[in-house]
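Asker: what follows is a predicted protein model with its sequence.
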Protein chains: 2
Amino acid sequence: MLTIYGVYRSRASRAIWLAYEIGLPFRHVPVIQAYRLADPAAPGAPLNTRSPEFLRINPNGRIPSIEDDGLVLHESLAINLYLAKKYGGALGPADLAEDGRMTMWALWAATEVEPHALQVLFHRAARPPAERDPAVARAAVEALRAPFAVLNQELAGSGFLVGGRFTVADLNVAEVVRYALPAPELFEAAPAVRAWLETCHARPAFKRMMEEREREPA
Amino acid sequence: MLTIYGVYRSRASRAIWLAYEIGLPFRHVPVIQAYRLADPAAPGAPLNTRSPEFLRINPNGRIPSIEDDGLVLHESLAINLYLAKKYGGALGPADLAEDGRMTMWALWAATEVEPHALQVLFHRAARPPAERDPAVARAAVEALRAPFAVLNQELAGSGFLVGGRFTVADLNVAEVVRYALPAPELFEAAPAVRAWLETCHARPAFKRMMEEREREPA
């Protein structure tokens, strides 16, 4: 059986959402980010990204990781491409050209969007107000205008990224773009992105993941 | 026929090296980075990443892009995964597990290594000395110690990343790690990484790419 390592409040949400889309059962090991703990090495501390037993699974000390039929994989977007190809049917690629485009969108999201979107999230929502820097948030929003315009142009066609249907490419990119939600001005300027993200977030599998996430102890 | 857009002195080197490994003929369109030109919009300026005719191919304004049988792809590491699967034989994955690991290493390199390795390159080698900041270089070197340790541990086994042979995973990661060469202390602490990079750089296809690169007008 598939094992997913990582709490819901992490990039593990991506793999969990996909597993729910597929109806793929999994064992969930809620490894938590070490930086969220006062003392990750304390006796009795929960299993975390600096725990020796997790570092044996992922020496990078990052979540999520998965184990599937003896294969250990890291990197959330690569995990999802793998799971979609193995188990996802039409959520995965129909041919090598779609495979190439799905991989392209994953790398695009990880490099063009995610670093800036995380700054938006940190400095407009996630950090305590006293630790937010509005200038950092503004710079991140400015950096996201160009990739949002590219995404908007792409989605203005069929409404999806690859093959005119909802696929793992949409799921992966949507999970990265979600971090930028505290910048509504980006979505106002990119109506096709806004409509697409609403479509993605209306999916039962996404809602189920978010409900489980809310139930997870903070 | 495959078309590769992008000068050798760019991430297009990655796709060109792979094409040479495979023996895959291609048409080369030497699109140059706009930031390297005094006035990219001047009449008679060379084709560059802000030229309207290139933005119609890649609205992100990045190189490389490829066109292959009507498929346009961007993101160098995704391009290489696609080309290896389509044309690369044993350079590509033998099965879905190898495919997953090759994709994982591409995302790992792009997120864990490349941002820091570029800072090493800029602030120790590429920029004019007056524009280098030793503190930025030092911080980037420190940030690379953990990923270099992970890579070293992985390579200490078979000497390659996937399947015990040289594959597109090694090529992709090697091209990212190359940017960190101006930090020899990283390689001294990671002997398996140093030996692996030397092996990669001894390949005739890499040497041919670098020779062509040297011939390209600066």
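Answerer: Arrived safely, thanks for sending.
Asker: can you list the domains in chain A?
Answerer: Using automatic domain parsing, the domain parsing of chain A gives A:2-90, A:93-206.
Asker: which residues does the closest residue to residue A:204 other than its chain neighbours contact?
Answerer: Among residues not flanking residue A:204 along the chain, residue A:20 sits closest, at 7.8 Å (CB to CB, 6 or more residues apart in numbering or on different chains). (C-beta placed from N, C-alpha, C; glycine too.) By CB atoms under 8 Å, 6 or more residues apart in numbering or on different chains, the residues touching residue A:20 are A:204-206, A:208-209.
Asker: helix or strand for residue A:20, just tell me which one.
Answerer: Using DSSP states H and E, residue A:20 maps to helix A:12-22.
Asker: starting at the chain centroid, how far to that helix?
Answerer: In this view, helix A:12-22 has its centroid 9 Å away from the chain centroid, taken as CA atoms, centre = their mean, to the nearest Å.
Asker: other residues contacting the helix or strand following that helix?
Answerer: Counting by DSSP H and E, the next helix or strand C-terminal to helix A:12-22 is strand A:26-29. Strand A:26-29 is contacted from outside by A:1-6, A:16, A:19, A:47, using CB under 8 Å, 6+ apart.
Asker: how much space between residue A:195 and residue B:106?
Answerer: 30 Å (CB to CB, to the nearest Å).
Asker: please say which of the two ends up with more neighbours.
Answerer: Per other CB atoms under 10 Å in any protein chain shown, whichever of residue A:195 and residue B:106 has more neighbours is residue B:106, with 28 against 15.
Asker: so that one, which state does it fall into?
Answerer: Taken by DSSP: H, G, I helix; E, B strand; the rest coil, the conformation at residue B:106 corresponds to helix.
Asker: and the contacts of residue A:20 as a markdown table, adding secondary structure, neighbour count and pLDDT?
Answerer: Below are the contacts of residue A:20 laid out as a markdown table (DSSP: H, G, I helix; E, B strand; the rest coil; neighbours: other CB atoms under 10 Å in any protein chain shown; pLDDT from 0 to 100):
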| residue | secondary structure | neighbour count | pLDDT |
| --- | --- | --- | --- |
| A:204 | helix | 9 | 98 |
| A:205 | helix | 17 | 98 |
| A:206 | helix | 21 | 98 |
| A:208 | helix | 14 | 98 |
| A:209 | helix | 23 | 98 |
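Asker: let me have those residues in CSV, extended by distance to residue B:171.
Answerer: What follows is the contacts of residue A:20, written out as CSV (distance: CB to CB, whole Å):
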residue, distance to residue B:171
A:204, 41
A:205, 36
A:206, 36
A:208, 40
A:209, 36
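Asker: got the residues of chain A near chain B?
Answerer: Counting by CB under 8 Å from any CB of the partner chain, chain A comes close to chain B at A:59-61, A:69, A:71, A:73-75, A:77-79, A:81-82, A:85-86, A:96-97, A:99-101, A:103-104, A:106-108, A:110-112, A:114-115, A:146-147, A:149-150, A:153.
Asker: from these, which ones fall inside strands?
Answerer: A:71, A:73-74 (DSSP state E).
Asker: would you write a PyMOL line that selects the buried entries of those?
Answerer: In PyMOL syntax, the buried subset of those is picked out as below (16 or more other CB atoms under 10 Å in any protein chain shown):
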select buried, chain A and resi 73+74
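Asker: could I get the full set of helices for chain A?
Answerer: Using DSSP state H, the helices found in chain A span residues A:12-22, A:52-55, A:76-87, A:96-108, A:114-121, A:134-155, A:168-177, A:184-188, A:191-201, A:204-215.
Asker: quick one: which of those helices is nearest residue A:161?
Answerer: Nearest to residue A:161 among the helices of chain A is helix A:168-177 (4.3 Å), distances taken as CB to CB.
Asker: what's the angle between that closest one and helix A:76-87?
Answerer: Interaxial angle, helix A:168-177 versus helix A:76-87 (axes from the mean of the first three to the mean of the last three CA atoms, to 10 degrees): 160 degrees.
Asker: contact partners of helix A:168-177?
Answerer: Applying CB under 8 Å, 6+ apart, the external contacts of helix A:168-177 come out as A:11, A:13-14, A:17-18, A:21, A:76-77, A:80-81, A:83-84, A:88, A:91-92, A:101-102, A:105-106, A:108-110, A:113-114, A:117, A:151, A:160-162, A:193, A:196-197, A:200-201.
Asker: okay, now residue A:207: neighbour count?
Answerer: When counting by other CB under 10 Å, one arrives at 13 neighbours for residue A:207.
Asker: for the closest residue to it other than its chain neighbours, give me the pLDDT.
Answerer: Closest residue to residue A:207 apart from its sequence neighbours, by CB to CB, 6+ apart: residue A:201 at 7.6 Å. Looking at residue A:201, its pLDDT is 98.
Asker: ok, residue A:201 to residue A:90 distance?
Answerer: 20 Å.
Asker: same question for residue A:207.
Answerer: Distance of residue A:207 to residue A:90, computed by CB to CB: 20 Å.
Asker: ok, now residue A:41?
Answerer: 45 Å.
Asker: quick revisit: got the angle for the helix holding residue A:20 vs helix A:204-215?
Answerer: Inter-element angle recorded for helix A:12-22 and helix A:204-215: 140 degrees (by the same axes, to 10 degrees).
Asker: between helix A:12-22 and helix A:191-201, how many degrees?
Answerer: Orientation of helix A:12-22 against helix A:191-201 (the same axes, to 10 degrees) gives an angle of 70 degrees.
Asker: so for helix A:12-22, what's the average pLDDT?
Answerer: For helix A:12-22, mean pLDDT rounds to 98.
Asker: what residues of that helix count as buried?
Answerer: Neighbour counts over helix A:12-22 (16+ other CB under 10 Å) mark A:12-22 as buried.
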